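*Asks:* One predicted model, sequence on top.
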Amino acid sequence: MNNLVLIIDDDSRNIFALRLVLKARGYAVISANNVPEGLRLIAENPQVSVVLMDMMIPEMDGYTAIRMIREQASFAEMPIIAVTAQAMSGDREKCIAAGANGYVSKPVDIDKLVAVIEKVC
């Protein structure tokens, strides 16, 4: 497995924390603060092995972003993990229906996140 993780999240504190713990676990990490930047990074880095998608990102929510990624043939199989602070009943199913391969809620349990990354990759 290639170990390049793309984090798409509008909160720099989340990116910083996830980058820190994922790098300590041997992952390389790139990040985007918005969906257009994330889509650009995916296109520029075909070696991305998984996307961590914040579901409550301004301008374009994670559901729409996941659907946009899935519409592009070259990214249709890209593993995407939905990351949300709004862990409400039915959220996991809604994320999977949008095209996510996995789901974790905030605050992120890093062991659970790594397990989901390993499962989808």
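*Replies:* That came through fine.
*Asks:* going forward, measure contacts between C-alpha atoms and count neighbours the same way
*Replies:* Fine.
*Asks:* Let me see the contact set for residue 119.
*Replies:* Residues near residue 119 by CA atoms under 8 Å, 6 or more residues apart in numbering: none.
*Asks:* Can you tell me the element it falls in?
*Replies:* helix 110-120 (DSSP states H and E).
*Asks:* Distance from the chain centre to the longest helix seen in the chain, please.
*Replies:* Ranked by residue count under DSSP state H, the longest helix found in the chain is helix 12-24. A distance of 13 Å separates the centroid of the chain from that of helix 12-24, by CA atoms, centre = their mean, to the nearest Å.
*Asks:* Pull out the CA atoms of the helix holding residue 119 and give them to me as PDB.
*Replies:* Extracted C-alpha coordinates of helix 110-120, given in PDB (Å, rounded to 0.1, in the frame of the first residue of the first chain):
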ATOM      1  CA  ILE A 110      -6.400   7.500  15.900                       C
ATOM      2  CA  ASP A 111      -6.300   3.700  16.400                       C
ATOM      3  CA  LYS A 112      -9.800   3.400  14.900                       C
ATOM      4  CA  LEU A 113      -8.800   5.800  12.000                       C
ATOM      5  CA  VAL A 114      -5.700   3.700  11.200                       C
ATOM      6  CA  ALA A 115      -7.800   0.600  11.300                       C
ATOM      7  CA  VAL A 116     -10.300   2.100   8.800                       C
ATOM      8  CA  ILE A 117      -7.500   3.300   6.600                       C
ATOM      9  CA  GLU A 118      -6.000  -0.200   6.500                       C
ATOM     10  CA  LYS A 119      -9.400  -1.700   5.800                       C
ATOM     11  CA  VAL A 120     -10.200   0.500   2.800                       C
END
